[in-house]
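Asks: Generate a structure from the sequence data that follows.
(one chain, ligands or ions: 1)
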Amino acid sequence: MSSGKHLAKGSPKPALPDDGVPRLYSMRFCPYAERAHLALNAKKVPHHSIYVNLTEKPEWLVDVSPLLKVPALHLVAEKDQPSLIESLIIVEYLDEKYPQNPLLPKDPLQRAQDKILVERFTAVTSAFFKTVLHGAKVDDLWPAIDTFETELAKRGTPYFGGDKPGYVDYMIWPWFERLSVLQFVLKEAYNFDKQRYAKISAWIDLLTKDEVVQSFFATPEQHVEYFRSRSAGNTNYDLLA
Ligand SMILES: N[C@@H](CCC(=O)N[C@@H](CS)C(=O)NCC(=O)O)C(=O)O
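Replies: Next up, the predicted model:
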């Protein structure tokens, strides 16, 4: 339940129905929040999405997100109505609470290995943000993606999750959805090598068509437009609202 508009400073706390379903506090272009949306949609968990303006944060955000970040998942049906923060913790909670369409493997070793892989993805996210937000060279990014190319080849399956997307796929996808931003920033220096990343390229094509990804998809052009507005100091949060 949301118009998709981002609520800013001064806006009243949204009045939501007293239906007990979880409330996801989000921002439409946040890749961490996207992880939570993908998990909720993969599991078809009814929920409300509340979008917040992160430049002018609403005063009540602190009630659900003590560090004033998104995503935050407000569990209104639980005793004392706690909130969860941190995208990976939220997703793991959802995976345990709602067993349908499991994301993490059941086997403890495979489970640990998938979590390690997602942990190692921080090398990609930090190189990505350094390039996009601070104009750093892209040099650190490609070797970080090699890890994922090699792992996908080793697994011998189209997805990290096997014959369908799972935890690793959905947790790393948001940054691949935003490659257009990297291209926009780097211009002719953008050198994503489709041969070097043959498996990842095929995986990107598959995930782009995945119905869960499509349920929360912004086009390459929309990501660039959001980024452009943000860089210009006039962030267009409501681009898709
Ligand atoms: N480690 C956090 C990162 C969340 C995060 O950095 N979210 C950004 C938006 S993409 C945010 O809320 N920024 C607001 C701020 O830092 O003030 C997670 O995985 O959930």
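
Asks: Now do residue 133 against residue 240, distance only.
Replies: 21 Å (Cβ to Cβ, to the nearest Å). Just so you know, the C-beta spots here come from the backbone N, C-alpha and C atoms, and that holds for glycine as well.

Asks: With residue 20 instead?
Replies: Separation of residue 20 from residue 240 (Cβ to Cβ) stands at 28 Å.

Asks: Give me the next element, helix or strand, following the longest helix along the chain.
Replies: Across the chain, the helix with the greatest residue count (assigned by DSSP state H) is helix 141-155. Remark: after helix 141-155, the chain's next helix or strand is helix 167-177, criterion DSSP states H and E.

Asks: what packs against that next one?
Replies: In terms of contacts (3 or more Cβ pairs under 8 Å, 6 or more residues apart in numbering; DSSP states H and E), helix 167-177 is packed against helix 31-42, helix 87-97, helix 108-120, helix 122-134, helix 198-209, helix 211-214.

Asks: Quick one: the ones you listed as TSV, columns for mean pLDDT and distance to residue 15 too.
Replies: Output for these, formatted as TSV (pLDDT from 0 to 100; distance: least, Cβ to Cβ, whole Å):
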stretch	mean pLDDT	distance to residue 15
helix 31-42	98	21
helix 87-97	98	24
helix 108-120	98	36
helix 122-134	95	35
helix 198-209	98	36
helix 211-214	98	29
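
Asks: Quickly compare those and say which is most buried.
Replies: Mean neighbour count, computed with mean count of other Cβ atoms under 10 Å, is highest for helix 31-42 among the helices and strands packed on helix 167-177, reaching a mean of 24.

Asks: Please state the offset of that helix from the chain centre?
Replies: What separates the centre of helix 31-42 from the centre of its chain is 6 Å, taken as Cα atoms, centre = their mean, to the nearest Å.

Asks: Please apply the same query to stretch 212-220.
Replies: With Cα atoms, centre = their mean, you get 11 Å for stretch 212-220.

Asks: again with stretch 156-167
Replies: That offset, for stretch 156-167, works out to 18 Å (Cα atoms, centre = their mean).

Asks: How about residues contacting that stretch?
Replies: Outside stretch 156-167, the residues that touch it by Cβ atoms under 8 Å, 6 or more residues apart in numbering are 42, 91, 95, 102-105, 114-115, 117-118, 148, 151-152, 155, 168-169, 172-173, 202-203, 206-207, 210, 212-213.

Asks: try it again with 6 Å
Replies: 103-104, 114, 168-169, 206, 210 (Cβ atoms under 6 Å, 6 or more residues apart in numbering).

Asks: How far does that stretch stretch from one end to the other?
Replies: End-to-end distance of stretch 156-167 (Cα to Cα, to the nearest Å): 17 Å.

Asks: Give me every residue in the protein lying close to the ligand.
Replies: 27, 30, 32, 54, 68-71, 86-87 (Cβ under 6 Å from any ligand atom).

Asks: Just the buried positions in stretch 148-164, please.
Replies: Neighbour counts over stretch 148-164 (16 or more other Cβ atoms under 10 Å) mark 148-149, 151-152, 158-161 as buried.

Asks: How is the chain divided into domains?
Replies: 23-102+232-240, 108-209 (automatic domain parsing).

Asks: Can you say which of these is nearest to residue 12?
Replies: Closest approach to residue 12 among those (Cβ to Cβ): domain 23-102+232-240, 8.2 Å.

Asks: Go through the buried residues of stretch 148-164 and name the one nearest residue 182.
Replies: Lowest distance from residue 182 to the buried residues of stretch 148-164 (Cβ to Cβ) belongs to residue 148, with 15.5 Å.
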